[in-house]
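Student: Using only what follows, build the 3D model:
(one chain, ligands or ions: 2)
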Amino acid sequence: MDKSSINEDVDPVYPIAERMLGDHKANVEDIVKYEEMWESSINTPDIFFGDLARELLSWTKPFERVQQGSFHEGDIAWFLEGELNACYNCVDRYALETPDKIAIIHEGDEPENVRKITYGELLQEVCRLSNVLKSMDVHKGDKVIIYMPMIPEAVVAMLACARIGAVHSVVFAGFSSDSLRDRIEDCGAHVVLTSDEGRRGGKNIATKLIVDEAIKGTTTTTSTVRHVLVYRRTGSDVPWTENRDLWWHDEMAKARPYCPLTTMSSEDPLFLLYTSGSTGTPKGIVHTTAGYLIGAASTVKYVFDYQPGDIHACMADIGWITGHTYIVYGPLALGATTVLFESTPTYPDPSRFWKMVEKHKVTQFYTAPTAIRALRRLGDKWLEGIDLSSLRVIGSVGEPINPEAWEWYNAQIGKGECAVVDTYWQTETGSIIISPLPGVTPTKPGSATLPFFGIKPVILDPQTGAELEGNDVTGVLAISQPWPSMARTVYNNHHRYLETYLNPYKGFYFTGDGASRDKDGYIWIRGRVDDVINVSGHRLSTSEIESALIHHESVAEAAVVGGHDDLTGQCIHAFTTLKPNVEISEGLEKELSLQVRKVIGPFATPKRIYVVSDLPKTRSGKIMRRILRKIVNKEHDDLGDISTLADPSVVDTLIFKVLGPD
Ligand code: ATP
Ligand code: MG
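Tutor: Ligands and ions are numbered 1, 2, ... in the order given. From the prediction side, this is the model:
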């Protein structure tokens, strides 16, 4: 990309962040080097990824072929004939080299509860747990459910599975017993790892009780679960089923501190993980060992510009792909120090994140737009007197980040000196696929910018599937060639994999998201294709209208959906929440309406604007627009799968707000 071609009149462009300059030597020198590397990753992937795989991973048997398979057949494979173990790559090799280096900093729910675990200690814990799993008759290829709070033992659990070739499926420990049961049944796990309780935001969470409910509640079949291993987190009394339930500390005390590594082929599954369920029933996404690890390690190296000594802090939960890749596998594969955060952004008060950054001298900080918007809404006083100068790269993931929220993150957290990386990716992609590189890519607030190595994004016409060439185009986002960390299948349902990702546009991987490529070749994610609104033939993206609304000083968050309209086909319904201490004033709705007209145009004027106290969100904090769409279209009797909704009670409040009392 030619830097001089950026038109700064249209979108503000931020040059290279100050903290990436001076003495700092970034992992990619500059945009020219990036382009060169990207070209070779696309044109000669066998050489590019062959070299990368030898550089970043340790193999017990070298691979012979770099890749095989196609989108047409849905049979993608990477690093064939190669053998390696993910746990060895993330733990053993660093435990041998630098046993005293801190692998995990655990910031407990109470800020004063900090635990640090070295690579040497991590290896012992992982080995013991691997032996415990073996004693429970877990073998290579068996599925193990991990339903645990954000404590180091959860990471130990994932790595212990990887060590013996068991396939873990982490379920976010905020899901209900029904959701947990669905996932246990879907994968047929024999073993569940949990804790007596969890602690989050000062409250206890009854994890063990929920596991019990999930296991006993199977009416049609008997549960596959033979053992539940329980870590004592809070010490509360929990119901106990003799022989089935085992205490973690009892079993660990009996286990030997070394466990040999199980050899895995590159394409052996490492884990399966269910998607967030923003659009429908969650899919059990399967990731394999070598390709996934390469994606995880290389993106930590390049997208977060990892340098030895860095403290990498990803605030996601390990129940989501972001936690898998950017708390556990990516940082540990590079021998980094990773922060595991048990609490919430506002406990005990909204300065929590920032005090943690100061305390541990965090260098990379990664969170979601939902948290950024929430903290922006609560005001800047929570940042006063806190030293954030250790930060170098700050990232965002999960939803389009509205330019207004981006600007706040950049100015208030990055102090205008950090690289802001808006990283676009999915559970299915395994690792980041579109993002700026720190020290390399000039950024535009709201754009995920340019593709990562090996990713060739294309914009397709949604109707014809034709590729829209050149710049200044809008359509659906697809990827035109396989990359190492992409999902290989949906567990037990390859048909669904093909139908969802590979068959909609033959020869491409379909993301399900709408996107534009601007005149500089930058990618802007416009939201999910299902969420696109068509008003009198204008195709409008939800994210654009929402960003216009957030621009207004009173608005904290916004969600926009299409309602049926006899005249225009669809019309716009906008839901907004306000900042604290902002009262609904008389002319507010009118002002908001004008705001959209001004920023986008009269055709985007919302037909209705609802000021509400809360929006429906998934447990990972994403806005579930399909629920709002059903409500405005009076289809609320048929809301579909709402098991992934964080707070189901918002639904009734919204129905009342939109449709009134019956
Ligand atoms: P489901 O597939 O079950 O509906 P989900 O798509 O929310 O759930 P995830 O894999 O967690 O599950 O989320 C991936 C999606 O999140 C992307 O397809 C995209 O819509 C959105 N997303 C993630 N990062 C970004 C980003 N930086 N900018 C815009 N959108 C993003
Ligand atoms: Mg999805």
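Student: Could you use CA atoms for every contact and neighbour count after this?
Tutor: OK.
Student: can you pull out the strands in the stretch 1-150 of the chain?
Tutor: Using DSSP state E, counting those that start in this stretch, the strands of the stretch 1-150 of the chain run over 65-68, 77-80, 83-84, 102-107, 114-118, 143-147.
Student: My reading is that Val357 lies in a strand. Confirm?
Tutor: No: counting by DSSP: H, G, I helix; E, B strand; the rest coil, Val357 falls outside a strand, being helix.
Student: Could you point out which of the strands of the stretch 1-150 of the chain sits nearest Glu589?
Tutor: Counting by Cα to Cα, Glu589 lies closest to strand 102-107 out of the strands of the stretch 1-150 of the chain; the figure is 42.2 Å.
Student: ok, that closest one: who's next to it in the sheet?
Tutor: Sheet pairing for strand 102-107, assigned by DSSP bridges, gives strand 114-118 (antiparallel), strand 337-341 (parallel).
Student: As a markdown table, those strands with distance to Asn493 and mean neighbour count would be great.
Tutor: Shown next, in a markdown table, are the strands paired with strand 102-107 (distance: least, Cα to Cα, whole Å; neighbours: other Cα atoms under 10 Å):
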| stretch | distance to Asn493 | mean neighbour count |
| --- | --- | --- |
| strand 114-118 | 39 | 16 |
| strand 337-341 | 33 | 26 |
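Student: Just send those back as a markdown table, with mean pLDDT too.
Tutor: Shown next, in a markdown table, are these (pLDDT from 0 to 100):
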| stretch | mean pLDDT |
| --- | --- |
| strand 114-118 | 98 |
| strand 337-341 | 98 |
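Student: a markdown table for those strands, including distance to Arg232?
Tutor: Output for the strands paired with strand 102-107, formatted as a markdown table (distance: least, Cα to Cα, whole Å):
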| stretch | distance to Arg232 |
| --- | --- |
| strand 114-118 | 16 |
| strand 337-341 | 18 |
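Student: As a markdown table, those strands with distance to ligand 1 would be great.
Tutor: Listed next are the strands paired with strand 102-107 as a markdown table, based on distance: least, Cα to the nearest ligand atom, whole Å:
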| stretch | distance to ligand 1 |
| --- | --- |
| strand 114-118 | 28 |
| strand 337-341 | 19 |
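Student: Now Glu428. Its backbone dihedrals?
Tutor: Glu428 has phi and psi values of phi -70, psi -30 when expressed as degrees, to the nearest 10.
Student: what's the pLDDT at it?
Tutor: Looking at Glu428, its pLDDT reads 97.
Student: now it: how far from Asp237?
Tutor: Distance of Glu428 to Asp237, computed by Cα to Cα, to the nearest Å: 39 Å.
Student: Gly395 now?
Tutor: Going from Gly395 to Asp237 by Cα to Cα gives 40 Å.
Student: Between these two, which is the more surrounded one?
Tutor: The neighbour count for Gly395 versus Asp237, taken as other Cα atoms under 10 Å, is higher for Gly395 (24 against 9).
Student: give me the beta-bridge partners of that one?
Tutor: Tyr366, Val421.
Student: near ligand 1, which residues of the stretch 301-450 of the chain?
Tutor: Applying Cα under 6 Å from any ligand atom, one finds that the stretch 301-450 of the chain approaches ligand 1 through Val397, Gly398, Glu399, Pro400, Asp422, Thr423, Tyr424, Trp425, Gln426, Thr427.
Student: again, only this time at 8 Å
Tutor: 320-322, 396-401, 422-428, 434-435, 446-448 (Cα under 8 Å from any ligand atom).
Student: what does the stretch 551-662 of the chain give?
Tutor: The stretch 551-662 of the chain has residues Thr618, Ser620, Lys622 near ligand 1, with proximity defined as Cα under 8 Å from any ligand atom.
Student: State the next helix or strand along the chain beyond the least confident helix or strand in the chain by mean pLDDT.
Tutor: Within the chain, confidence by mean pLDDT, DSSP states H and E is lowest for strand 538-540 among all helices and strands, at a mean of 85. Scanning forward in sequence from strand 538-540 by DSSP states H and E, the next helix or strand is helix 542-550.
Student: what's that following helix packed up against?
Tutor: Identification of packing neighbours for helix 542-550 by 3 or more Cα pairs under 8 Å, 6 or more residues apart in numbering; DSSP states H and E yields helix 403-408, strand 523-528, strand 555-565, helix 588-599.
Student: contact partners of that helix?
Tutor: By Cα atoms under 8 Å, 6 or more residues apart in numbering, the residues outside helix 542-550 that reach it are 400, 402-404, 526-527, 531-533, 555-561, 574, 576, 592, 595-596, 599-600, 604.
Student: now the angle from that helix to helix 588-599?
Tutor: Angle, helix 542-550 to helix 588-599, by axes from the mean of the first three to the mean of the last three Cα atoms, to 10 degrees: 120 degrees.
Student: follow-up on the earlier one: give me the buried subset of the contacts of helix 542-550.
Tutor: Among the contacts of helix 542-550, those classed as buried by 16 or more other Cα atoms under 10 Å are 400, 402-404, 526-527, 531-533, 555-561, 574, 576, 592, 595-596, 604.
Student: From what I see, Ala290 and Leu80 are in contact.
Tutor: No: using Cα atoms under 8 Å, Ala290 makes no contact with Leu80, being 9.4 Å away.
Student: what's the overlap in contacts for these two?
Tutor: Counting by Cα under 8 Å, 6+ apart, the contacts common to Ala290 and Leu80 are Ser265, Ser266, Glu267.
Student: so which of those residues comes closest to Gly514?
Tutor: Proximity of these to Gly514 was ranked by Cα to Cα; the top entry is Glu267 with 30.6 Å.
Student: OK, now which residue of the stretch 151-300 of the chain is nearest to ligand 1?
Tutor: As assessed by Cα to the nearest ligand atom, ligand 1 sits closest to Gly277 within the stretch 151-300 of the chain, at 3.0 Å.
Student: Give me the phi and psi for that residue.
Tutor: Torsion angles, degrees, to the nearest 10, at Gly277: phi 80, psi 30.
Student: for it, what are its contacts?
Tutor: Contact analysis of Gly277 by Cα under 8 Å, 6+ apart lists Lys283, Thr618, Thr644.
Student: residue contacts, the first one?
Tutor: For Lys283, the contacting residues are Leu273, Tyr274, Thr275, Gly277, Val490, Tyr491, by Cα under 8 Å, 6+ apart.
Student: which residues does the third one contact?
Tutor: Read that as Thr275. By Cα under 8 Å, 6+ apart, the contact list for Thr275 reads Pro282, Lys283, Gly284, Ile285, Trp320, Thr427.
Student: picking up where we left off before, may I see the contacts of Gly277 arranged in a markdown table, with pLDDT, distance to Phe63 and secondary structure as well?
Tutor: Shown next, in a markdown table, are the contacts of Gly277 (pLDDT from 0 to 100; distance: Cα to Cα, whole Å; DSSP: H, G, I helix; E, B strand; the rest coil):
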| residue | pLDDT | distance to Phe63 | secondary structure |
| --- | --- | --- | --- |
| Lys283 | 89 | 30 | coil |
| Thr618 | 92 | 40 | strand |
| Thr644 | 84 | 40 | coil |
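Student: Which of the residues you listed sits closest to Phe452?
Tutor: Within the contacts of Gly277, the smallest distance to Phe452 is 24.8 Å, found for Lys283 (Cα to Cα).
Student: middle-most residue in the protein, spatially?
Tutor: Centroid-nearest residue in the chain, with Cα atoms, centre = their mean: Thr322, separated by 3.3 Å.
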